[in-house]
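Asks: Quick one, what's the 3D model for this:
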Amino acid sequence: FGYCGGGQNYHDNLDGLTYSKSVSMSYIQFPVMFKYIFNTETTSLPYAMAGVQGGFLTSSKVEINGTTLLPNNLQQGKTASTKFFKSNDLGLRVAVGEDFLIGDQLFFNAGIEAYAGLRDINNPDLRHTFTFHANSYNYKKSSNFITGIEFGIHYLITGTANSEKKEVKKSDKKIQKKVK
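Replies: From the prediction side, this is the model:
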């Protein structure tokens, strides 16, 4: 699992007035990834991963023209996190990188990743809340798109199948030496 902060800032000019909006959000994320390792014969292992990811919104903040916005017409009883945005997200995640062997079955990894949300993250109440200069804005779907770098340390747990493969490789080498 992981923690991610993100958001957006944008400016527009409507009827001669400048409009700015700033959104910040934080999620706890739970990815389920499949990993393909390209070369297992060295201590440096390039990989590619792909999968799905779910996330839970932990906090959010919206500012319009520098003022924190807490509209009164949203449903009462919702937390600050979910007044504006849905409390969860679901999307696709991909990553490429490299694992570096630093000890017995212990690896350091570094890579780049991208996540594309599949759902509209705006709460339905938010879609009808905002007007600017007495005009309603046209609603546009919003979804998360996040890119970043990743670093980590992980331990590779091997079962008996991998131990048996190692023993087979050792015996194959012995047989090859005897044949020569």
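
Asks: residues touching His154, list them.
Replies: Neighbour list for His154: Asp99, Leu106, Phe107, Asn109 [criterion: CB atoms under 8 Å, 6 or more residues apart in numbering]. In this view, the C-beta of every residue, glycine as well, is placed from N, C-alpha and C.

Asks: what lines up beside the strand or helix carrying it in the sheet?
Replies: For His154, the host element (DSSP states H and E) is strand 145-155. Strand 145-155 pairs in its sheet with strand 106-117 (antiparallel), by DSSP bridges.

Asks: Tell me which residues of the strand it pairs with come out buried.
Replies: Going by neighbour count (16 or more other CB atoms under 10 Å), the buried part of strand 106-117 is Phe107, Asn109, Gly111, Glu113, Tyr115, Gly117.

Asks: Closest to Lys83 out of the residues you listed?
Replies: Gly117 (19.1 Å; CB to CB).

Asks: ok, that closest one touching Asn88?
Replies: No - assessed by CB atoms under 8 Å, Gly117 is found out of contact with Asn88, at 10.4 Å.

Asks: Can you give me the distance of the closest residue to Ile102 other than its chain neighbours to Val62?
Replies: Spatial nearest neighbour of Ile102, chain neighbours left out: Phe108 (5.2 Å); criterion: CB to CB, 6 or more residues apart in numbering. Phe108 is 38 Å from Val62, where distance means CB to CB, to the nearest Å.
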